[in-house]
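Colleague: predicted model and sequence below, questions to follow.
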Amino acid sequence: MLLIKVCLFPSCYSIVKDLLDVATLSILGKLCYASMPSATSLPPMPLLVPTIQRVDPCHGGELHPYILYSREFVHNSLIHMYTIYKHHARGYAKLRVWATVVDLFRRMVDSIAPFDSTTLIVVLNACGRLGELELGVWISRYVETKKMRSSNTNLATSLVDMFPKCGHLEKARALFDEMPNRDVIAWSALISGYAQQGRCREALDLFREMQLAGVEANEVTMVGVLSACADTGALETGRWVHSFVRRSRLKLSVTLGKALVDFCANSGCVDSVMAIFSEMPRKNVLSWRALIQGLASNGRAEEALDLFSSLVTGVRPNEVTLLAALSACGHAGLVADGRSIFDSMKSIHGIEPRIDYCGCVIDRLDRAGRIEEARRFIGDMPVEPTAVVWRIHLASCKIHGEVEIGEESLNQIARFEPLHSGDYLTISRMKEMGIRKPSPGCSSIEVDSTVHEFFTVDRRRRRPRRKEIHRTAGEKAMESSPLRPVAAR
């Protein structure tokens with residue numbers, strides 16, 4: 001009651017000015033809305049105007065019915081308040097704080113604040129980034145009701161871009177087909193949507209339609225097309241894109257450069273990978289990851305690790321590049337190097353290893369036949385092993401005949417999930433074999449009445465003169481080859 005009495009006496013407005021905060025203003029707005037005061041009973045305008053201009057629009061909106069009874073310059077303050085609201089949303093969008101953009105818009109809707117097409121475009125972008133399909137559909141219906149889509153190409157394009165990111169490609173295609181004027185942004189948005197959803201053939205078909213329509217591609221288009229080419233093995237189209245980038249002198253940005261590196265690596269063009277990477281004016285950790293993975297997947301893992309070493313000295317690696325380096329060690333069978341990188345994650349780079357990083361080390365140890373060491377590593381992991389980790393380890397125990405460790409893995413799996421019949425079958429077959437190592441592949445040769453045996457997997461029985469044996473065998477193979485090198489004349 002004291003607040004009401006103070007508000008009704010203009011002489012006391014200075015007291016109210018000192019007392020007013022957001023919470024009090026909210027209460028005042030509700031009281032004014034309930035009593036619907038007349039123009040003669042309004043509090044003084046000098047108090048209200050600065051309050052409106054600095055208040056949160058969510059609370060200021062509650063004064064909207066009250067302000068409708070006031071003078072024109074107070075209406076202008078209300079407009080000023082909502083304008084600040086829009087600027088806040090756009091500012092958060094530039095900072096990529098997408099969740100705050102969505103939250104601001106929802107509060108804006110609740111407070112019956114007006115919003116224009118520019119604000120809707122900003123919010124649609126945030127919806128796509130966050131997968132906020134429900135809010136995106138609401139905006140789509142609002143745009144349809146207000147008949148804004150046909151008159152605003154940018155707004156229509158934002159809808160086409162938002163729906164694929166939220167997993168609704170068909171809706172995006174329907175909106176795209178209804179667009180009277182399709183610019184390169186709309187084409188690129190849908191092509192990228194198809195590529196991201198794994199529908200790469202449709203992405204390439206749409207790109208060909210775009211060419212027939214005479215629309216010139218941009219960087220975003222090329223990234224989407226390259227992604228589709230890499231997944232479908234469309235080498236000719238990918239090479240055309242590569243040459244198009246060179247001819248058109250498109251700026252080789254980080255995103256486009258990474259897409260080209262990924263495509264060339266998947267195509268086996270390792271030399272092109274190195275050339276493109278060296279041409280990139282700016283590189284980030286994602287670029288380095290693409291290069292390291294590309295080299296490792298094409299049999300050049302040691303070179304990839306050398307690049308990782310140079311990266312560590314120049315750019316601070318993150319989780320992405322460290323995982324790529326661990327993967328490279330897996331490709332090359334470099335167990336010690338992989339373990340060294342893993343140990344450096346927390347001690348040197350300050351990164352807490354996740355389960356997927358631990359999985360790389362376990363997989364490498366298992367593949368090398370170091371089952372007991374892998375078991376000890378699982379016990380010392382900084383994160384709790386999952387059923388998947390134990391199941392992979394169980395499969396390795398079967399391959400290498402480690403029955404006891406296999407039974408322990410089976411017991412650990414039972415802690416997380418019900419055991420499958422296949423798990424018991426694996427152990428029973430291992431027991432039928434007995435605690436025996438599988439017989440390695442063996443070959444023999446008789447030299448001077450002595451039989452020499454060679455084993456494929458038992459590394460403990462390596463010959464002390466194996467390097468000399470390999471060199472001599474290579475020389476003998478060259479002598480017996482019908483394609484001998486011709487001496488230069």
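Modeller: Great, that's in hand.

Colleague: so where's the stretch 351-489 of the chain uncertain?
Modeller: Residues of the stretch 351-489 of the chain meeting the criterion pLDDT under 70: 418-489.

Colleague: can you do 80?
Modeller: 351, 353, 357, 367, 398, 400-402, 414-489 (pLDDT under 80).

Colleague: what about Arg90, how many residues close to it?
Modeller: Residues near Arg90, counting by other CB atoms under 10 Å, number 16. Every C-beta, even on glycine, is put in place using the N, C-alpha and C of the backbone.

Colleague: for the stretch 201-350 of the chain, which spans come out with low pLDDT?
Modeller: Residues of the stretch 201-350 of the chain meeting the criterion pLDDT under 80: 230-237, 248-251, 285, 301-302, 307-323, 326-339, 343-350.

Colleague: quick one: the strands in it?
Modeller: Counting by DSSP state E, counting those that start in this stretch, one finds no strands in the stretch 201-350 of the chain.

Colleague: give me the spatial nearest neighbour of Cys264, chain neighbours excluded.
Modeller: Counting by CB to CB, 6 or more residues apart in numbering, the nearest residue to Cys264 once its immediate chain neighbours are dropped is Ser272, at 4.2 Å.

Colleague: how close does that neighbour sit to Val102?
Modeller: Ser272 sits 41 Å away from Val102, going by CB to CB, to the nearest Å.

Colleague: next one: Cys166
Modeller: In terms of CB to CB, Cys166 sits 13 Å off from Val102.

Colleague: common neighbours of those two, please.
Modeller: The contact sets of Cys166 and Val102 overlap at Cys127, Glu132 (CB atoms under 8 Å, 6 or more residues apart in numbering).

Colleague: if we can go back for a sec, ok, the residue nearest to Cys264 touching Gly257?
Modeller: No - the pair Ser272 / Gly257 is not scored as a contact, 12.0 Å apart, by CB atoms under 8 Å.

Colleague: those two: who's more crowded?
Modeller: Per other CB under 10 Å, whichever of Ser272 and Gly257 has more neighbours is Gly257, with 25 against 18.

Colleague: for Leu250, see how far away the more buried one is.
Modeller: On the measure of CB to CB, Gly257 and Leu250 end up 10 Å apart.

Colleague: Arg300 now?
Modeller: According to CB to CB, Arg300 and Leu250 sit 28 Å apart.

Colleague: do the same with Gly294
Modeller: Applying CB to CB, the value for Gly294 to Leu250 is 21 Å.

Colleague: list the contacts for Val123?
Modeller: Taking CB under 8 Å, 6+ apart, one finds Ala89, Val101, Val102, Phe105, Leu135, Ile139 in contact with Val123.

Colleague: among these, which one has the most neighbours?
Modeller: Val101 leads these on contacts (other CB under 10 Å) with 27 neighbours.

Colleague: apart from its neighbours in sequence, what residue is nearest that residue?
Modeller: Using CB to CB, 6+ apart, the closest residue to Val101 is Ala126 (4.1 Å).

Colleague: and the one you found, what element?
Modeller: Per DSSP states H and E: Ala126 is located in helix 117-130.

Colleague: what's the answer for Leu410, then?
Modeller: Leu410 belongs to helix 403-416, assigned by DSSP H and E.

Colleague: now do the buried residues in that helix.
Modeller: Val403, Ile405, Gly406, Glu408, Ser409, Leu410, Gln412, Ile413 (16 or more other CB atoms under 10 Å).

Colleague: and Ala301, how far from Asp343?
Modeller: Going from Ala301 to Asp343 by CB to CB gives 19 Å.

Colleague: typo on my end, it should be Leu334
Modeller: Between Leu334 and Asp343 the distance is 14 Å, computed by CB to CB.

Colleague: quick one: which of these two has more around it?
Modeller: Taking other CB under 10 Å, Leu334 and Asp343 do not tie; Leu334 has more neighbours (19 against 12).

Colleague: hang on, the more buried one packs against Ala304?
Modeller: No - proximity of Leu334 to Ala304 does not meet the contact threshold set by CB under 8 Å, at 10.3 Å.

Colleague: joint contacts of these two?
Modeller: Here Leu334 and Ala304 have Ala328 as joint contacts, going by CB under 8 Å, 6+ apart.

Colleague: contacts only, for the spatially closest residue to Leu204 that is not a sequence neighbour.
Modeller: For Leu204, ignoring the flanking residues on the chain, the nearest one in space by CB to CB, 6+ apart is Ala228 at 5.3 Å. By CB under 8 Å, 6+ apart, Ala228 lies in contact with Ile191, Tyr194, Ala195, Cys200, Arg201, Ala203, Leu204, Phe207, Ala234.

Colleague: between those, which has the most around it?
Modeller: Result: Ile191 is most packed of the contacts of Ala228 (other CB under 10 Å), 28 neighbours.

Colleague: if I pick Arg96, what's in contact with it?
Modeller: Arg96 is in contact with Arg129, counting by CB under 8 Å, 6+ apart.

Colleague: please say which of Arg300 and Leu250 ends up with more neighbours.
Modeller: Set side by side, Arg300 and Leu250 show more neighbours around Arg300, with 19 against 15, by other CB under 10 Å.

Colleague: so where do the helices sit in the stretch 151-300 of the chain?
Modeller: For the stretch 151-300 of the chain, applying DSSP state H, counting those that start in this stretch gives helices covering 153-165, 169-178, 184-196, 200-212, 219-232, 235-248, 254-266, 270-279, 285-297.
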